[in-house]
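Asks: This is a predicted model, with the sequence first.
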Amino acid sequence: MTNLARVSPAHGRAEQRSKVTHFCTHCASLSNAPNGNAERPHRGRVCPDCALGVILSCSRATLDTEGAAFLVVTADLRITAASESAERLFRVPDGLYGRPLLSVMTSPDGIGDLARQVVRAASGARRPVTVEVDAAASRVPRGVTRARIGGCGSPPAALVVIDSAAG
Ligand SMILES: [Zn+2]
């Protein structure tokens, strides 16, 4: 019992960890807290599955589906990563990386609200919110769908997970 107590995380940490998932920015494979030293964030760790993305973490409430279509967006509303599924969805010829979020996505509720939620998440709010979004790029069939926006890291950014039900 004393040994168990020693390796058990401090109060609340176990629960918190169970709500966190790690994901690859490219193939969107999900994993639980990786083995090894839990105290060290896996900053810059390359995905063992595809070797093309890096592993970030987010709340499981934001992302719980393997292979999901998502964008990683910084607080200045620039896309710094997009999953394979998102690239397929948006079909931007040169890829999504580095593009302004609002050049590929709008919201029927107003882009101000969309931008505000992204900034909020990129500032560290991990609990996701759901917003209605619409594709801004003409190649994408228009139609309102939903996106979940929650914080991810690190470094801190917003994870915009597009609801694939509509696609
Ligand atoms: Zn991967």
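Replies: On my side now, so go ahead. Numbers count the residues shown, from 1 in each chain.
Asks: Could you give me the buried positions within the lengthiest strand in the chain?
Replies: When the chain is parsed with DSSP state E, its longest strand is strand 145-153. Across strand 145-153, burial judged by 16 or more other Cβ atoms under 10 Å covers 145, 147-153. Placement of C-beta: from N, CA and C, glycine included.
Asks: in its sheet, what does it sit against?
Replies: strand 55-59 (antiparallel), strand 129-135 (antiparallel), strand 157-162 (antiparallel) (DSSP bridges).
Asks: buried set for the second one?
Replies: Meaning strand 129-135. Taking 16+ other Cβ under 10 Å as the criterion, strand 129-135 shows 131, 133-135 as buried.
Asks: cool, the last one as well?
Replies: Neighbour-count burial for strand 157-162 flags 157-162 (criterion: 16+ other Cβ under 10 Å).
Asks: CSV please, covering the residues you listed and showing pLDDT and distance to residue 122.
Replies: What follows is the buried residues of strand 157-162, written out as CSV (pLDDT from 0 to 100; distance: Cβ to Cβ, whole Å):
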residue, pLDDT, distance to residue 122
157, 97, 5
158, 98, 4
159, 98, 9
160, 97, 10
161, 96, 14
162, 93, 17
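Asks: now, which of those residues sits nearest the ion?
Replies: Closest to the ion out of the buried residues of strand 157-162 is residue 159 (15.1 Å), distances taken as Cβ to the ion.
Asks: send the alpha carbons of the longest strand of the chain over as CSV?
Replies: Below are the C-alpha coordinates for strand 145-153, written out as CSV (Å, rounded to 0.1, in the frame of the first residue of the first chain):
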residue,chain,number,x,y,z
THR,A,145,-21.3,21.6,-39.8
ARG,A,146,-20.0,21.7,-36.3
ALA,A,147,-16.6,22.0,-34.9
ARG,A,148,-15.3,21.4,-31.4
ILE,A,149,-12.8,23.9,-30.3
GLY,A,150,-10.6,23.2,-27.3
GLY,A,151,-7.1,23.9,-26.2
CYS,A,152,-4.1,21.6,-27.0
GLY,A,153,-0.5,21.7,-26.4
